[in-house]
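Peer 1: Task: produce atomic coordinates for the following.
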Amino acid sequence: MRAFIVLALWHLLLVAYEYNNMLLKFQASIYPKLILFDKNVAKNIPDKRVDFCIVCERVDLFSAEFMQEKIYKNYPFGLHGFKFIVEILNINQFLSDKSVVKNIDALYVMKLKEGDIKKVATLIKRKNIYSFTYAKEDLFYGFLFNVALEKDVEIFLNKKVLLQNRFEFIDTLYRIVKIVE
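Peer 2: The predicted structure is shown next:
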C-alpha cells in the first residue's frame with residue numbers, strides 16, 4: 001500500500017507543471033485591471049460582477065488556489081465598482097458543462113494539454129470573454145492577454161481575438177502592450 005502511495009505521489013509530481021509564484025502574483029494583480037481598461041466594460045459586464053474562472057488540470061489545483069487567493073487579496077472590495085467572483089474549475093468540469101461559458105466574464109487558463117487548451121479557446125471564441133493565459137505561448141491558441149516576466153514585464157495582446165470581440169481598450173493600453181497576431 002505504501003509503495004502505491006509513493007508511486008502515486010511521484011506520478012503527480014512528474015505530471016504537475018511547475019509555476020512561478022512571482023509570475024502568478026503579478027498576473028493576479030494585473031489581469032483584473034486590464035479588464036477595466038475596456039471602454040465597453042459596463043456594456044460587457046452590466047451587473048458589475050466579474051465572474052472570473054480559473055481553468056486548470058487537477059494536479060495544478062494548488063497553484064490555481066494560490067492565484068484565486070491573490071486576486072481576492074489584491075481586490076477584496078473589487079475595483080472601480082466591479083466585484084470579482086473567482087471560481088476554479090478543472091479542465092474536465094469546464095469542458096463538460098457548456099453553460100459555464102455563458103456565465104463567465106473572464107477566463108484564466110493555466111498550463112493545459114494542447115488539445116484541451118484548443119477546446120477552451122474554441123468554446124470562448126467570439127463570446128466577449130476577457131481571456132488570460134499563464135504561459136505566453138498559449139496566447140496564440142485564441143486568448144486575449146498574457147503577462148510575461150522576461151527581461152522586463154511584458155504585456156501581450158492578441159489582435160485577432162481583440163477584433164473577434166466587442167472590446168475597445170483605452171489608447172494608453174495600446175501604447176504599453178505588445179500586439180501579436
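
Peer 1: Can you list the helices and strands that the host helix or strand of residue 62 packs against?
Peer 2: Here residue 62 is covered by helix 61-74, with elements defined by DSSP states H and E. Here helix 61-74 touches helix 21-35, strand 49-56, strand 83-90, going by 3 or more C-beta pairs under 8 Å, 6 or more residues apart in numbering; DSSP states H and E. Quick note: C-beta positions are derived from backbone N, CA and C, even for glycine.

Peer 1: the inter-axis angle of that helix versus helix 21-35?
Peer 2: Angle, helix 61-74 to helix 21-35, by axes from the mean of the first three to the mean of the last three C-alpha atoms, to 10 degrees: 50 degrees.

Peer 1: gap between helix 61-74 and the chain center?
Peer 2: Chain-centre distance of helix 61-74: 12 Å, with C-alpha atoms, centre = their mean, to the nearest Å.

Peer 1: how much does it deviate in direction from strand 83-90?
Peer 2: Note on geometry: by the same axes, to 10 degrees, helix 61-74 and strand 83-90 are set 180 degrees apart in direction.

Peer 1: Go through the helices and strands packed on helix 61-74 and name the closest to residue 181.
Peer 2: Closest approach to residue 181 among the helices and strands packed on helix 61-74 is made by helix 21-35 (18.8 Å; C-beta to C-beta).

Peer 1: from the middle of its chain, how far away would the closest one be?
Peer 2: The chain centroid and the centroid of helix 21-35 are separated by 9 Å under C-alpha atoms, centre = their mean.

Peer 1: so what does the very next helix or strand once past that helix touch, helix or strand wise?
Peer 2: As assigned by DSSP H and E, the chain's next helix or strand after helix 21-35 is helix 41-44. Helices and strands touching helix 41-44, as assessed by 3+ C-beta pairs under 8 Å, 6+ apart, are absent.

Peer 1: List of residues touching helix 41-44?
Peer 2: 35, 38, 48, 82, 105, 128, 130, 166-167 (C-beta atoms under 8 Å, 6 or more residues apart in numbering).
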